[in-house]
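1. Quick one, structure for this:
(2 chains)
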There are 2 protein chains.
Amino acid sequence: MDTALPLYQRLATHYREAIAHGSLLVGDRFPSVRALMGRHGVSLSTAVQVCRQLEQEGWLEARPRSGNFVRRPARPAGPLPSEPRAGQLPDPAQFVGIHGRVSEIIARGRQQPVSVNFSSARSAPELYPGEALRLAAARALRRHPDLLVSAPPPNGCPDFLQVLARRALDAGMNLGAEEIVVTQGCMEALNLALRAVTQPGDTVAVESPTFYGLLQVLETLGLKALEIPTSPQTGLSLEALELACDHYGPIAALVVVPHLQNPLGCTMPEAHKARLVDLCAERGIALIEDDTYSPLGEDDTVLPALKHWDRQGGVIHCASLHKVLAPGLRLGWISAGRWQARVEMLKYAQSRQNEALGQLVAADFMGSSAYDRHLRRLRAALGSQRRRTTEAVLEYFPAGTLAARPQGGLALWVQLPPGVSSREVFERALGEGIFIAPGLMFSNSNRFDGYLRLNCGAPYTPAIDAALRRLGAIVGELA
Amino acid sequence: MDTALPLYQRLATHYREAIAHGSLLVGDRFPSVRALMGRHGVSLSTAVQVCRQLEQEGWLEARPRSGNFVRRPARPAGPLPSEPRAGQLPDPAQFVGIHGRVSEIIARGRQQPVSVNFSSARSAPELYPGEALRLAAARALRRHPDLLVSAPPPNGCPDFLQVLARRALDAGMNLGAEEIVVTQGCMEALNLALRAVTQPGDTVAVESPTFYGLLQVLETLGLKALEIPTSPQTGLSLEALELACDHYGPIAALVVVPHLQNPLGCTMPEAHKARLVDLCAERGIALIEDDTYSPLGEDDTVLPALKHWDRQGGVIHCASLHKVLAPGLRLGWISAGRWQARVEMLKYAQSRQNEALGQLVAADFMGSSAYDRHLRRLRAALGSQRRRTTEAVLEYFPAGTLAARPQGGLALWVQLPPGVSSREVFERALGEGIFIAPGLMFSNSNRFDGYLRLNCGAPYTPAIDAALRRLGAIVGELA
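-> Purely as a prediction, here's the structure:
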């Protein structure tokens, strides 16, 4: 904890983290002023300041004659980033040529000293159940003495597949364990999905903006990207997709992140999801959904996956665990509908089956209620981090800056004031040890140069706060 | 141990295994008849029979007035499988369409009850250092408490890369750790190598016969296979490769297993290897070597890899650990010469970096002398298993059967008497619970229907012996 901060602020941080980590839950009674004085050995005025600070931030609600109660602050208000223009025809599909740009940016961040990294959508290790997973690994090694010297089962370990199938049911997907193949993270799942349904030169529709990992996959597979305008509020524009279908040749596949899209943080309304599945079935488009982020929403609701509405086996569901459970495990999976046999074959030829240990660890943890408790704590922590990042951006960045209102996830999408290039912000910030993801990483065009993505995955510290303040000043100088 | 066998045979097996596992070494004095009587509580005649049996098998050498000493039996004699005809032009390249056939055969083996599996080139778990690896895993988890919840380092863990670079030096390759990328086994390495140097529709030269995994990769990447005749003794025919270069358009890449080729078990002479590297450089062919098996030779000699002769960065070296150290770890690596940056990019886009735990386990074990001791034991065990399998084939199969004389590795390549189809042998054998790999899995043509591959990776048991006897009878019925 930063001892330069006044005592009341340090105590406020302590309680904010207690809420974020779930040791204080929404609705719980907050310690009284007298209790705070006794517990921390602080003066009456400090204890009162702690409560006032948390109340101002929206964490406490004072109920007359009952005391203070924990609540969830309302999300920061303010105008949102621009919506894509309705009725506009998307640009034609083009071969992706983004890799050089992306890898140059990533390499720059590795070469230069970085003190604060806002660049990747990645959480801090302390937000994950490291100790419980470690114990589960030790247990698996004891229970299966031959684990490291026996070939792992094809397609995945039965226990892990069972857990995945059970969790899929919660998201409205009635899948047998034999309809799931375990992959090396979601990236391999997306590779296999695209390899199963496309030929080099085919057109693949993607959200715009989308995560650069997907654009790199399209580039390495020799596919063309058709960028479909996507709303920071409601996700992929179905209207734009229909226009694109009508105007540009056949579309082989659409890749979409229906929940907590990266980088926007938006979630498609249910009606949009149902309509999208129908639309793709009508138009003969293979619909590939990347559902990696959905456990990171604002609350415990499990949203139905696109595959829930799939009647014809035309939806390929992909997801992974490294953002929600264990960044050190490369565990993803795929359920490929009518392309299942082809995906199994491609997976076998590409990298054989996954190692067993990580699968047993995940099955062990995900099969218990500890997983749900972990997700609640992670959601609370990320929610707090997103909120504080948003507040800082709105406070420190110049007028004209607009922040998305992500409904969950690890990142914040920021629209800079007109005329400010995020590439320039990137250069100046990197010179000061601050690493950001400029908007032009998220499209094959230069359309999003006026945007940037900020990672909110790390606990909010004074160093992060100072870096955001500095970023705001840099944007101000360029505005 | 099978108690149906006479006592002296069980004791002979005991000592054969002691030699195979390295507790008795070549050159060691063998226990005297008197010592055997005391140690096992057996009669003089049983003890004498044990020594006579082992002597007949070639495991013991009697030195007058000194006693018996352990030696390595000479390899079984007899004619070898046919050499490819010299000077013959290979068949033109064609798109690979083998997957359906291979996956049908593999699926059949999964569906039917199999009592003895000779099908895959795979060793038994007990031949690997399961306990030591388990302890190394527990150690890594203790030393790195955040291992499962932190993103693994890009391209590979530094410790593991260091160990790989040091071992590469033994094989004549002077590689920096930064010139190696860790992959999901050798299969991913081969995929990345081929994706780096080819476009769909390109021609790739391969050994004929070759392992079916490679043919499946070519098929999924839309590549044509040009099958180059390969000698069961000296490997790829350079003469045939030159003829093919002269007659058929450009060849984008050649994939070759220079040491202990699968399925033949042959090793290229040094002069062939040097000439091959030059030839590929002259002809502009990317040379991809799969060096997975080289630690499984007859002795401790480390053979120089093709990359040893590489002056222009035109050789891509691929290898893996699941056959030599840990079948449960999917650890391979690639060093891609002038395509290194492209391979790194493809690996990142295809499956991101490998998990760290397995790498730390391997680095720990391979960094110690325990690895070399393990390899010596494994080589001895596999050598014994190959010899006994070969002897059984020569004894039980009808006249006209020819067995390769593998210089190491996990498998035995068998040429059936003229007119016998291995596909028919496969069908009949599977009906009796014996699973073999028919020759037509090892070529895009039907050229090798008269051959089959037998796994020698499992310790030789009476059940295996009985299955080989039964296989011999089936071949006899079909001859």
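2. Tell me the confidence at the closest residue to residue A:124 other than its chain neighbours?
-> Excluding the flanking residues, the one nearest residue A:124 by Cβ to Cβ, 6 or more residues apart in numbering or on different chains is residue A:458, at 4.5 Å. In short, each C-beta sits where N, CA and C put it, glycine included. For residue A:458, the pLDDT comes out at 94.
3. Then residue A:75?
-> Per-residue confidence (pLDDT) for residue A:75: 64.
4. With residue A:1 instead?
-> 45.
5. The one 5 residues further on too?
-> Looking at residue A:6, its pLDDT stands at 83.
6. mind showing which ranges of the stretch 201-350 of chain A have poor pLDDT?
-> For the stretch 201-350 of chain A, no stretch is flagged by pLDDT under 70.
7. Run through the strands of it in chain order.
-> Counting by DSSP state E, counting those that start in this stretch, the stretch 201-350 of chain A has strands at residues A:203-208, A:224-231, A:235-236, A:253-256, A:286-290, A:315-320, A:331-335.
8. show me the contacts for the residue in the stretch 351-479 of chain A that chain B sits nearest to.
-> Proximity of the stretch 351-479 of chain A to chain B (Cβ to the nearest Cβ) peaks at residue A:351, 3.8 Å away. When contacts are counted by Cβ atoms under 8 Å, 6 or more residues apart in numbering or on different chains, residue A:351 touches A:184, A:188, B:183, B:184, B:185, B:187, B:188, B:191, B:330, B:351.
9. got a list of what the nearest residue in space to it that is not next to it in sequence touches?
-> Leaving aside its sequence neighbours, residue A:351 sits nearest to residue B:184 (Cβ to Cβ, 6+ apart; 3.8 Å). Residues near residue B:184 by Cβ under 8 Å, 6+ apart: A:184, A:351, A:352, B:330, B:332, B:351, B:354.
10. Next, count neighbours for the nearest residue in space to residue A:153 that is not next to it in sequence.
-> Nearest residue to residue A:153, sequence neighbours excluded (Cβ to Cβ, 6+ apart): residue A:353, at 6.6 Å. By other Cβ atoms under 10 Å in any protein chain shown, 21 other residues sit near residue A:353.
11. so what's residue A:467 up against?
-> Taking Cβ under 8 Å, 6+ apart, we find residue A:467 in contact with A:115, A:116, A:118, A:434.
12. isn't residue A:220 right up against residue B:349?
-> Yes - counting by Cβ atoms under 8 Å, residue B:349 is a contact partner of residue A:220 at 4.6 Å.
13. what's the overlap in contacts for the two?
-> residue A:99.
14. more neighbours, these two?
-> The neighbour count for residue A:220 versus residue B:349, taken as other Cβ under 10 Å, is higher for residue B:349 (24 against 21).
15. isn't that one right next to residue A:187, touching?
-> Yes - using Cβ under 8 Å, residue B:349 makes contact with residue A:187 at a distance of 7.1 Å.
16. which residues are common contacts for these two?
-> By Cβ under 8 Å, 6+ apart, residue B:349 and residue A:187 have these common neighbours: A:213, A:217.
17. and the residue lying closest to residue A:399 once chain neighbours are set aside, what is it in contact with?
-> Among residues not flanking residue A:399 along the chain, residue A:417 sits closest, at 7.0 Å (Cβ to Cβ, 6+ apart). Residues counted as contacts of residue A:417 (Cβ under 8 Å, 6+ apart) are A:398, A:399, A:400, A:401, A:475, A:479.
18. export those residues to JSON lines and tack on neighbour count?
-> Shown next, in JSON lines, are those (neighbours: other Cβ atoms under 10 Å in any protein chain shown):
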{"residue": "A:398", "neighbour count": "15"}
{"residue": "A:399", "neighbour count": "7"}
{"residue": "A:400", "neighbour count": "14"}
{"residue": "A:401", "neighbour count": "21"}
{"residue": "A:475", "neighbour count": "25"}
{"residue": "A:479", "neighbour count": "15"}
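19. how about the residues you listed, which pair is most distant?
-> Greatest spatial distance among these (Cβ to Cβ): A:399 and A:475, at 10.7 Å.
20. Residue A:250: neighbour count?
-> Residue A:250 has 10 neighbours, counted by other Cβ under 10 Å.
21. for the residue nearest to residue A:153, what are its contacts?
-> A:151, A:152, A:153, A:154, A:155, A:156, A:182, A:347, B:330.
22. Between those residues, which sits nearest residue B:232?
-> Nearest to residue B:232 among those is residue A:151, at 27.2 Å by Cβ to Cβ.
23. Look up the pLDDT of the closest one for me, please.
-> 95.
24. Surely it forms part of a strand?
-> No - under DSSP: H, G, I helix; E, B strand; the rest coil, residue A:151 sits outside any strand and is assigned coil.
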